[in-house]
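K.L.:
for reference, the sequence and a predicted model appear below.
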There are 4 protein chains.
Amino acid sequence: MGLTIGVDIGGTKIAAGVVDEDGTILDTSQVPTPPTPEGVIDAIADAIKAVGEGSSADAVGIGAAGYVDDKRATVLFAPNIRWRQETLKDKIEQRVGLSVVVENDANAAAWGEYRFGAGAGHDDVICVTLGTGLGGGIIIGGRLHRGRFGVAGEFGHLRVVPDGLLCGCGSQGCWEQYASGRALVRYARQRALATPENAELLLGLGDGTPEGIEGRHVSDAARAGDPVAIDSFRELARWAGAGLADLASLFDPSAFIVGGGVSDEGDLVLEPIRKSFRRWLVGGRHRPHAQVLAARLGGRAGLVGAADLARQG
Amino acid sequence: MGLTIGVDIGGTKIAAGVVDEDGTILDTSQVPTPPTPEGVIDAIADAIKAVGEGSSADAVGIGAAGYVDDKRATVLFAPNIRWRQETLKDKIEQRVGLSVVVENDANAAAWGEYRFGAGAGHDDVICVTLGTGLGGGIIIGGRLHRGRFGVAGEFGHLRVVPDGLLCGCGSQGCWEQYASGRALVRYARQRALATPENAELLLGLGDGTPEGIEGRHVSDAARAGDPVAIDSFRELARWAGAGLADLASLFDPSAFIVGGGVSDEGDLVLEPIRKSFRRWLVGGRHRPHAQVLAARLGGRAGLVGAADLARQG
Amino acid sequence: MGLTIGVDIGGTKIAAGVVDEDGTILDTSQVPTPPTPEGVIDAIADAIKAVGEGSSADAVGIGAAGYVDDKRATVLFAPNIRWRQETLKDKIEQRVGLSVVVENDANAAAWGEYRFGAGAGHDDVICVTLGTGLGGGIIIGGRLHRGRFGVAGEFGHLRVVPDGLLCGCGSQGCWEQYASGRALVRYARQRALATPENAELLLGLGDGTPEGIEGRHVSDAARAGDPVAIDSFRELARWAGAGLADLASLFDPSAFIVGGGVSDEGDLVLEPIRKSFRRWLVGGRHRPHAQVLAARLGGRAGLVGAADLARQG
Amino acid sequence: MGLTIGVDIGGTKIAAGVVDEDGTILDTSQVPTPPTPEGVIDAIADAIKAVGEGSSADAVGIGAAGYVDDKRATVLFAPNIRWRQETLKDKIEQRVGLSVVVENDANAAAWGEYRFGAGAGHDDVICVTLGTGLGGGIIIGGRLHRGRFGVAGEFGHLRVVPDGLLCGCGSQGCWEQYASGRALVRYARQRALATPENAELLLGLGDGTPEGIEGRHVSDAARAGDPVAIDSFRELARWAGAGLADLASLFDPSAFIVGGGVSDEGDLVLEPIRKSFRRWLVGGRHRPHAQVLAARLGGRAGLVGAADLARQG
């Protein structure tokens, strides 16, 4: 099997791409993400057709945010698109006439990084995606660990603070409330509100108010030496590294791959995460340490990973 | 390969047993646990010889508390026995003339339960041992997940309370400080100290002081309706169930097996754990739930599991 | 000085009343609360005039939610009405021609309870109001403790959980997020969502969904034995009692008076609060215990207290 | 009344001193602290006689660690000396023939600082003593606030982390476990253990091991730029400042006075505490801020304060 098609469902657009065996994207198409659950299904089919016709691709992998069942066919629950028990595999196969595999989007991205990105040379890898929220994927012995019911790797909802911040999932204290792009902005806004004298540069990048601070402002201000911005990254890294230390106690991988928008900042965020990881790793003097690596594929990881999962069948 | 020998290293005694392919223990021997690291090695060899001579057993599995390397040969770090980089496999093979496999004791017990105990019919199982501390083992796809460096499954050191209780590992807030036999006794003592009027029965089972309360007193008092004892079990279950919910988000097993001395209390502790698990399981309405099962092998799990791991080679 | 006027500014209506030296309300008037900051000032004046004309009252006490300065004249910050540095005393004196004292509304209510309610016989009293949020007032040596800048007694913003729930004040983990009417409803909704099988009665009182649960449903269901409702009150009491224990370590009062809508439930909530208080009181065996009393004046406490503060001058 | 005698009971020595109306110590005596509860009483009497004979001092104030009743006569509970319901005032008066006042030692030190140290010009002052543990005293309206039962101001046992570190008081998560000299050393040892590469200087000041680190090493290393030592002070300050912010919400003083051995480091520790205080002060933009001042009397505060309390009668 040579070429396959990967699909990435984003909040604003749906992307499909023809991908070869080396993880190279040969051709892509995009359509806007429709507002209705059923509309999204049509749009996925359209995106696949747009890129697939005329290609020799004969299988499709779709990465979707939410719980995907163990048959990789049904989306049990997708919070943003409001799918419930959606038989996505069947519906897309009917519409495009190709065999379809559905996977959780963070799993697909993890697989992409494992196969074609930072994961080279590692067989036990944990991928953590610090985007707006926090997602993840698990590779054990060179295989994607999906769990018995298909819903493993929901790292973002590890409870790191009892009675902590409310999470969209209905629980409290979930890791993604403390280590994600959204958390970074909250840290910056809170600190800029309390001590504006230390956030002059940061506040100047937005509209001058704490509420006007966005993620890119925090990155830019941190690079320019703004104390509040630097402290916000340090707080994010404190929680991110402590969580990786937890995952090391549980999974003992040889490497962590940190991706997502936050990781685009490179060592600005990765070095403090590594430091925090070493700080909190239990038994750290008596065991080999997993590497903490930056993801390499950026936003392409999900699409490339989904395509490769379709190839694996 | 028919018979193998399993070894269980306890704080007061070392037990060896000849085990058949069905997990039945045919013969056993015991020696007291010596106080020195080197003495323990001699004692292990003695126990093996005592039971092995005359039997047809041709391989040995040893379960040891601590980090065991990925070759299952060297104990990297054993906190209680004070082994550091101890080449246990080589030393025992030289002494007893049989091939030896070393495994973390909680992993060995998990394997025992998976193969011959409560794990029947499950291929993705998480075992949690609530003993004095909290240990665990991971079975994924019918295989013991040891991690890249051999030290996976250290559930007891998952950080469940930031800045929480000091742990012997040097960290703070580790799960085993909140869900273990030691934690149960602490809950009971604290409550009996604060509200002795609710602990008359419990206090009467010991020497009348909070410090005199032991684990078995809490169990007996809870069965007899003592409010403080019941509340102590409820607190233990609150933390145990919440932690299982975390593990479900990460691993998504089909079953949890809860073992260790605390689990001997059966539904007194398992029902509240199940309730807490459901309470905290993220996305619980939208996903199948793992079963929470009581272990079946009791104190034999480690020895039987170690023997079977030796058989598997 | 015989009669004075007390004013209570609520979210939906503003009440004024003529109060005698025994704390008895002789006459009242009400006006709806206007939506604009300046409109509220006019409405206060209207309510005072409506009840004051023809009476011999010659002083006014106003209870306002927010920070009131040490001269009891200016509201520094009122989150709901959006007053900032509002010179309320001057403006109302000009409009109604009587001398005016402004006080924080929780302080006024505390004073009312101290003088005419549950505080009889106590000179060191802490009042805690469990309403929608959590407010409080401090009586030390028979005097209202306002603090150097007039803003003491903000109990609701004691940080009880580091990195805890977001609070409207911009901070995290504030006590009122865990012990208040709003918290009670959150507890009930979370539990009804996770374990609806234990909340059938509670869910039946609303529209059948967790989101439809209101405070009165939780009270009614708890009285009828609903497990989730009872557990929600227990959780509220756990946090309320632990916080009172903290305040006992700091202030060492002879009594706590617990008021607000939640306290209307009487022993349904007070008994568990007392139990939790004893559980967490530091050094409890070696010190006399403060009493935990139910407030007696209900919703009148603020108006009566404000009137009496005006009398004291 | 001109001269009075103050007594300070330390862990290793008992000091008595004749103090004049300006808080100046005119003469002192010292005796070693005996190991038995009754021995301490004799030693106190000896120290008083040694310094009192020949002086015109006619009253004695004694500062003792523990709960002192509202009559300032009986020590209800002293954890270190193991006094229980000890009628200290009567026993000392019988032995020395002078009138005696007993006070909690942190209260006495707070009074000393208020009268003759950093408290000049303030009438609402909170003193926080960061010594081995964390103690405190409250001055409201120019008077020492002792509480209804004499045991107010136990700041060290404010619960700042639910389910947090065990405290000698039997509770968990007490403030003094996070903000005290003992906490500082723990922070340094934990960090030096986890990341020795950042603590070379600090480790070199002791015996090279984390366990060999003492408080003075952390101070010296922090001044010399050691990253782990600096980070340890920052962590201490984070908790100290957050706690002061809590106390500001409750008491609203015009000033905090920070004393104890940790405060000897001056701005090395006070500046980060002030920063953390501003960071966590609720409503900080809408209220005047209390000053955070360094204590001035050092180790004399308790003795001088006790003497002055005796003068006040």
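P.N.:
Great, that's in hand. Numbering: from 1, shown residues only, chains lettered A, B, ... in the order given.
K.L.:
following element in sequence after the strand or helix carrying A:Arg186, please.
P.N.:
Per DSSP states H and E, A:Arg186 falls inside helix A:181-194. Later in the chain than helix A:181-194, the nearest helix or strand by DSSP H and E is helix A:200-205.
K.L.:
quick one: list the elements packing against the helix holding A:Arg186.
P.N.:
Counting contacts by 3 or more CB pairs under 8 Å, 6 or more residues apart in numbering or on different chains; DSSP states H and E, helix A:181-194 packs against helix A:200-205, helix A:215-223, helix A:227-251, helix D:267-280. The C-beta positions use only the backbone N, C-alpha and C, and glycine is treated the same way.
K.L.:
want to try JSON lines for those, with mean neighbour count as columns?
P.N.:
Converted to JSON lines, the helices and strands packed on helix A:181-194 look like this (neighbours: other CB atoms under 10 Å in any protein chain shown):
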{"stretch": "helix A:200-205", "mean neighbour count": "19"}
{"stretch": "helix A:215-223", "mean neighbour count": "20"}
{"stretch": "helix A:227-251", "mean neighbour count": "24"}
{"stretch": "helix D:267-280", "mean neighbour count": "20"}
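K.L.:
to chain B, which of those lies closest?
P.N.:
Closest approach to chain B among the helices and strands packed on helix A:181-194 (CB to the nearest CB): helix A:227-251, 4.2 Å.
K.L.:
does anything pack onto whichever helix or strand comes after the closest one? Which helices or strands?
P.N.:
As assigned by DSSP H and E, the chain's next helix or strand after helix A:227-251 is strand A:255-259. With contacts taken as 3+ CB pairs under 8 Å, 6+ apart, strand A:255-259 sits against helix A:105-116, strand A:125-130, helix A:227-251, helix A:267-280, strand A:291-294.
K.L.:
direction included, what does strand A:255-259 pair up with?
P.N.:
The strands that strand A:255-259 pairs with in its sheet are strand A:125-130 (parallel), strand A:291-294 (parallel) (by DSSP bridges).
K.L.:
do the next helix or strand after the first one and chain B come into contact?
P.N.:
Scanning forward in sequence from strand A:125-130, with DSSP H and E defining helices and strands, the next element found is strand A:134-140. Yes. Applying CB under 8 Å from any CB of the partner chain, one finds strand A:134-140 in contact with chain B at A:Ile138, A:Ile140.
K.L.:
work out the gap between strand A:134-140 and the centre of the chain.
P.N.:
Computed by CA atoms, centre = their mean, to the nearest Å, the chain-centroid distance of strand A:134-140 equals 9 Å.
K.L.:
what parts of the stretch 151-300 of chain A come near chain B?
P.N.:
Going by CB under 8 Å from any CB, the residues of the stretch 151-300 of chain A near chain B are A:151-155, A:157-162, A:169-171, A:174, A:242, A:245-247, A:249-254, A:280, A:282-283, A:286-288, A:290.
K.L.:
now, of the residues you listed, which are buried?
P.N.:
A:151-155, A:157-162, A:169-171, A:174, A:242, A:245-247, A:249-254, A:280, A:282-283, A:286-288, A:290 (16 or more other CB atoms under 10 Å in any protein chain shown).
K.L.:
any low-confidence regions in the stretch 1-150 of chain A?
P.N.:
Scanning the stretch 1-150 of chain A for pLDDT under 70 picks out A:1.
K.L.:
please apply the same query to the stretch 151-300 of chain A.
P.N.:
Ranges of the stretch 151-300 of chain A meeting pLDDT under 70: none found.
K.L.:
in CSV, list the helices and strands packed on helix A:181-194 along with distance to A:Asp105.
P.N.:
As requested, those are exported to CSV (distance: least, CB to CB, whole Å):
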stretch, distance to A:Asp105
helix A:200-205, 31
helix A:215-223, 20
helix A:227-251, 19
helix D:267-280, 37
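K.L.:
A:Gly164 contacts C:Leu165, correct?
P.N.:
Yes. Contact criterion CB atoms under 8 Å: A:Gly164 and C:Leu165 qualify, at 7.1 Å.
K.L.:
now the common contact residues for those two.
P.N.:
Common contacts of A:Gly164 and C:Leu165 (CB atoms under 8 Å, 6 or more residues apart in numbering or on different chains): A:Gln172.
K.L.:
who's in contact with A:Ala183?
P.N.:
So A:Ala183 contacts A:Glu176, A:Gln177, A:Leu236, A:Trp239 (CB under 8 Å, 6+ apart).
K.L.:
let's see that with 7 Å instead.
P.N.:
A:Gln177, A:Leu236 (CB atoms under 7 Å, 6 or more residues apart in numbering or on different chains).
K.L.:
over to A:Arg72. Which of the three states is it?
P.N.:
Under the three-state scheme (DSSP: H, G, I helix; E, B strand; the rest coil), A:Arg72 adopts coil.
K.L.:
neighbours around it, how many?
P.N.:
20 (other CB atoms under 10 Å in any protein chain shown).
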